[in-house]
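Novice: Task: produce atomic coordinates for the following.
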Amino acid sequence: MRKHISVLMLMARCTILRAAGLLVLMGAVQCLTFYLALTRGPTPQGFSLEMVVQASGMRWIFAAALGLLTLLLCATGFETRGRQGYTLMRLSVSQRWVFTWQSVYNTACYGILWLGQAVIAAGLCALYVRLAPPEYVNGQTAVLAFYRSDFLHALLPFEEAGIWVRNFALCIGLGVCAARCPVSRRQGGRFFEVIPLAAAALLFFPCALDNADNYVVFILWAAFWTAIALHPLVRKEEVVHDTP
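Specialist: All right, here's what the predicted structure looks like:
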């Protein structure tokens, strides 16, 4: 068990500071752009909280952070001759367990990014309620924004169970597919599963309240690419790469 924990700690040691820095940077940029959009004041089109969220580019900043996190996680343990690869070879842990722990760690990183974005969004909504002109604010302003804004609704869908499932499936799918990259590289194989899944997440993460098909398609898409990523690891010809 100690060796398994060592693998997990290796994953964390390689990326935890950079992942945390990425989350802080995302929050700082979003706070800046949101504040700038808020201080511009009302426009002829209105000044609702959803409009300020859209004008701040919060969605695209989150997408950039998600893409950079994916690149970071895909590169963890990528070297076959570097220190990470050498340490993994020294540990008497099978490739399947390395893949399993890296998948778990990656999934946790995506979950933390999602949670962090939700907390940041809620804080910025509270800032809007505090600073916006009184005629644009009422007791339900922030809550209603999480229903009306496609991006905010995707972050916190409240009673929309399907979107919660979609988001968890997306975190797990991205975690598994990102873990497949270094394992495949160490074994001299090919990897591509993370690309279509990450692309879908980057482009189609927002989910409107009336879009009932969005989360169903996403769940099936995540399940498909997760299965593709897992398939090579259970083939008989790859068993020989395991160490006892």
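Novice: next helix or strand past the least confident helix or strand in the chain by mean pLDDT?
Specialist: The weakest-scoring helix or strand in the chain, judged by mean pLDDT, DSSP states H and E, is helix 83-90 (a mean of 60). Downstream of helix 83-90, the first helix or strand assigned by DSSP states H and E is helix 95-131.
Novice: which secondary structure elements does that next one contact?
Specialist: When contacts are defined as 3 or more CB pairs under 8 Å, 6 or more residues apart in numbering; DSSP states H and E, helix 95-131 packs onto helix 2-39, helix 49-56, helix 58-75, helix 141-148, helix 150-155, helix 161-186. C-beta coordinates here come from the backbone N, C-alpha and C atoms, glycine included.
Novice: what's near enough to touch residue 150?
Specialist: 206-208 (CB atoms under 8 Å, 6 or more residues apart in numbering).
Novice: could you redo the last one with a cut-off of 6 Å?
Specialist: Applying CB atoms under 6 Å, 6 or more residues apart in numbering to residue 150 gives the contacts 206, 208.
Novice: How about the residue most central in space within the chain, nearest residue that isn't a chain neighbour?
Specialist: When CA atoms, centre = their mean is applied to the chain, the residue found nearest the centroid is residue 110 (3.7 Å). Excluding the flanking residues, the one nearest residue 110 by CB to CB, 6 or more residues apart in numbering is residue 171, at 4.2 Å.
Novice: Thought residue 106 was touching that neighbour, still the case?
Specialist: No: Residue 171 is not in contact with residue 106 according to CB atoms under 6 Å; the separation is 8.7 Å.
Novice: okay, the two: which has more neighbours?
Specialist: Comparing residue 171 with residue 106 by other CB atoms under 10 Å, the one with more neighbours is residue 106, at 29 against 21.
Novice: what about residue 138, which SS state?
Specialist: Following DSSP: H, G, I helix; E, B strand; the rest coil, we place residue 138 in the coil state.
Novice: State the phi and psi torsions of it.
Specialist: Note on residue 138: backbone dihedrals following degrees, to the nearest 10 are phi -140, psi -180.
Novice: Any idea how many residues pack against it?
Specialist: By other CB under 10 Å, the burial measure for residue 138, its neighbour count, is 10.
Novice: Quickly note the distance from it to residue 115.
Specialist: 27 Å (CB to CB, to the nearest Å).
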